[in-house]
Every structure is written in structure tokens, then in C-alpha cells.
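Enquirer: structure for the following, please:
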Amino acid sequence: MLERLMALDRRIIFLALLVVVVVPTLLKVSFPMSSITPSTQAVYDEIDGLEPGSCVWIALDYTPPAMAELQPQLKAILHHCFAKDIKVLGLNPLIAESAPLGMKEFRMIGGEHNKIEGTDYVYLGYSPGQLSVILGLAKDMGTAGYTTDMNDIPLSDLPMMKEIKNYDDADLLIAVAAFKTPGYWVQFVGDRFGVRVSVGVTNVMYTAMFPYLSSGQLKGALPGLQGAAEYEQLIRNAGYWVAGGPAQPGMSIQSIVHYALVLLLILCNAGYFVTRHRERKTMERRQTEAAKQSMGLE
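Expert: Down below sits the predicted model:
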């Protein structure tokens, strides 16, 4: 059997892996997370500790290639905020491409919670200037270049914005980022103006957040798709989002594929060593027979 496995056409192996991915996806397999990363729990606690009517600012600093990891984080955070009747302000002062990605989720998830745009949430979008925009928000929206929202409605006409002028009105700022932008929010907003800052980042960026977490400059951090899956579990357990999101099934499928690959590696390596052992035994037997024949001839 092991020898036959060693001789399998690679296309059959690829097809088997495809089945391993497709079947759990169609069946919507979702395993519970065995543990929650402390930094994920910290982000959850930050939001869960806010009173209804508080305001969370969400800065999106990513482009479409990072959506698979970061969009589920945004979904889970929005569900948590809207379920607690927390107002949410979305903005993109650093990465223009993230504006439509965020606006889509704000509208979709806001609609699921019967939230009204302009009253319960506002999406400011992009304003050119990057660091000057971040610093300008410490004074007022106009100084940062924000006079309208993404629908070109003047901020003065939006009920929610009558109470939100600058960082003094931000109870928490969460930067969801695929680039090295969290440092901007930590140094120029958290440290300088005393705003509580948390982040959601891709998995490869997560270790770079450790110094900020250990120093207390960051209050929490979500690590890639894993962080999104953990957050989904937390808000489902608390009853904030019954349906659940895409991250937990995504992590479950990854786990199934990883187990399948490990099993395949074990079987292939076992087959290799068994084959080598048999070849060595065969060679030794042939050498012994040849030696006997040689002695017989003598």
C-alpha cells in the first residue's frame, strides 16, 4: 500500500486536496477555537467595556489583497459595536483604496442592526495629507480636510457629527492595517493625544505589535484570520452575533488541510523508509547469494 502511495500521480494528490477544501466549505464546517489569544481578548474587552452611545473610530489601512484576513476582523468589530449601540466613525487618511472596502461593510452590517447612516455611524473616507490629516483630527474635522462624508453630505448636517469634533470624542480608535501604519496611530494619536488605540493586523505583522502591546501603547491586537475567528467566537458566546462570520469556517478549513498535509507527509515518509529498507534487504540477499555462488565455483 505504501509503495502504491509513493507512486501516486501528483494530480491525484492535488485533486484530493481540492476535495478536502471544497467539501468542508460547502458543508460550512466550523470548529470552535480551542483558546483565545490574550491580545484578542483585550480588544474585545475594550469595546465591551464601553457604554451605549460611546464612539469608536475605525481607521482602515489595507488594500484588496489583505481582505481575506482583515475584512472578517472589521465585520466582527462592527457587529460588536452595533449590537452594543456604540456609534462608529470610519476613516481612511492613510490608504485611499480602503475607503470603498470599509464603506461597503459599514452599510451592510449597519443595515443588519437597523442602524441609520449619519445617526449611528458615519464614514468619512479618504482625505489627502496622511500624517497632516492624522494630526489635524486633534483639532477638528475641517482642519483634517473632512467637511463631508463619503456621500458628500456636509458633516454639519449629520446628527452624529454634532457631538464628534476631534480625538477628545473618540473613546477608542482601532486601526485595521496591512501596512506599517499602526505605528502612526500609536505615536501620533495614542501617545500624543491620549487616545486608547487597538489594532487588527495581518498574521505576518502581528509579532511587530509585541513591543507596543508590552509597553501598553496598544491596548489590544487581532492577529490575522485567527484573531477574527477568535473575536467571532467571543461575540457569539456573548450573544452579540448569532449567525457568525467567515473567519471560523476559514480557520477550520485551514486546520483540515493542514491535518491532511501532515498525514500525507507521514505516509509518504513511511513509504520512503519502508521502500529503502526493503531495497537494502534485497541487495543484501543478492550479495549473499552472489558470494555463495562465487564460493561454490571456487
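Enquirer: where do the strands sit along the chain?
Expert: Assigned by DSSP state E, the chain shows strands spanning 55-61, 87-91, 121-125, 172-177, 197-201, 221-223.
Enquirer: what's the domain layout of the protein?
Expert: 1-26+254-295, 32-244 (the TED database).
Enquirer: sorry, back to before: would you format the strands of the chain as a markdown table with distance to residue 166 and mean pLDDT included?
Expert: From N, CA and C alone the C-beta is placed, and that goes for glycine too. Shown next, in a markdown table, are the strands of the chain (distance: least, C-beta to C-beta, whole Å; pLDDT from 0 to 100):
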| stretch | distance to residue 166 | mean pLDDT |
| --- | --- | --- |
| strand 55-61 | 11 | 98 |
| strand 87-91 | 11 | 98 |
| strand 121-125 | 13 | 98 |
| strand 172-177 | 12 | 98 |
| strand 197-201 | 15 | 98 |
| strand 221-223 | 25 | 98 |
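Enquirer: and the ones you listed as TSV, adding distance to residue 160?
Expert: Output for the strands of the chain, formatted as TSV (distance: least, C-beta to C-beta, whole Å):
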stretch	distance to residue 160
strand 55-61	8
strand 87-91	6
strand 121-125	5
strand 172-177	16
strand 197-201	21
strand 221-223	25
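Enquirer: between the ones you listed, which one is nearest to residue 155?
Expert: For residue 155, the closest of the strands of the chain is strand 121-125, at 7.7 Å, according to C-beta to C-beta.
Enquirer: in the closest one, what's buried?
Expert: By neighbour count on 16 or more other C-beta atoms under 10 Å, the buried set for strand 121-125 is 121, 122, 123, 124, 125.
Enquirer: try stretch 46-59
Expert: Using 16+ other C-beta under 10 Å as the test for burial, stretch 46-59 gives 46, 47, 50, 54, 55, 56, 57, 58, 59.
Enquirer: same thing with stretch 27-42?
Expert: Residues of stretch 27-42 classed as buried by neighbour count (16+ other C-beta under 10 Å): 30, 33, 36, 37, 39, 40, 41, 42.
Enquirer: which ones among those residues lie within helices?
Expert: 39, 40, 41, 42 (DSSP state H).
Enquirer: not including adjacent chain positions, what is the nearest residue to the first one?
Expert: What that stands for is residue 39. Among residues not flanking residue 39 along the chain, residue 221 sits closest, at 4.3 Å (C-beta to C-beta, 6 or more residues apart in numbering).
Enquirer: surely the one you found and residue 209 touch.
Expert: Yes: assessed by C-beta atoms under 8 Å, residue 221 is found in contact with residue 209 at 4.6 Å.
Enquirer: circling back to that earlier point, of all the strands of the chain, which lies closest to residue 156?
Expert: Going by C-beta to C-beta, the one of the strands of the chain nearest residue 156 is strand 121-125, 12.1 Å.
Enquirer: low-confidence ranges in the stretch 101-250 of the chain?
Expert: Along the stretch 101-250 of the chain, segments meeting pLDDT under 70 span 249.
Enquirer: can you tell me which of the buried residues of strand 121-125 is closest to residue 144?
Expert: The shortest approach to residue 144 among the buried residues of strand 121-125 belongs to residue 124, at 8.8 Å (C-beta to C-beta).
Enquirer: tell me how far the closest residue to that closest one other than its chain neighbours lies from residue 275.
Expert: The shortest distance from residue 124 to any non-neighbouring residue, by C-beta to C-beta, 6+ apart, is to residue 91 (4.3 Å). Separation of residue 91 from residue 275 (C-beta to C-beta, to the nearest Å): 61 Å.
Enquirer: these two: who's more crowded?
Expert: Neighbours were counted for residue 91 and for residue 275 using other C-beta atoms under 10 Å; residue 91 has more, 27 against 13.
Enquirer: in the sheet, who's paired with that one?
Expert: For residue 91, the beta-bridge partners under DSSP bridges are residue 59, residue 125.
Enquirer: ok, it - contacts?
Expert: Residue 91 makes contacts with 57, 58, 59, 60, 123, 124, 125, 127, 146, as judged by C-beta atoms under 8 Å, 6 or more residues apart in numbering.
Enquirer: dump those to a markdown table, plus distance to residue 164.
Expert: Output for those, formatted as a markdown table (distance: C-beta to C-beta, whole Å):
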| residue | distance to residue 164 |
| --- | --- |
| 57 | 9 |
| 58 | 13 |
| 59 | 14 |
| 60 | 18 |
| 123 | 13 |
| 124 | 10 |
| 125 | 15 |
| 127 | 15 |
| 146 | 11 |
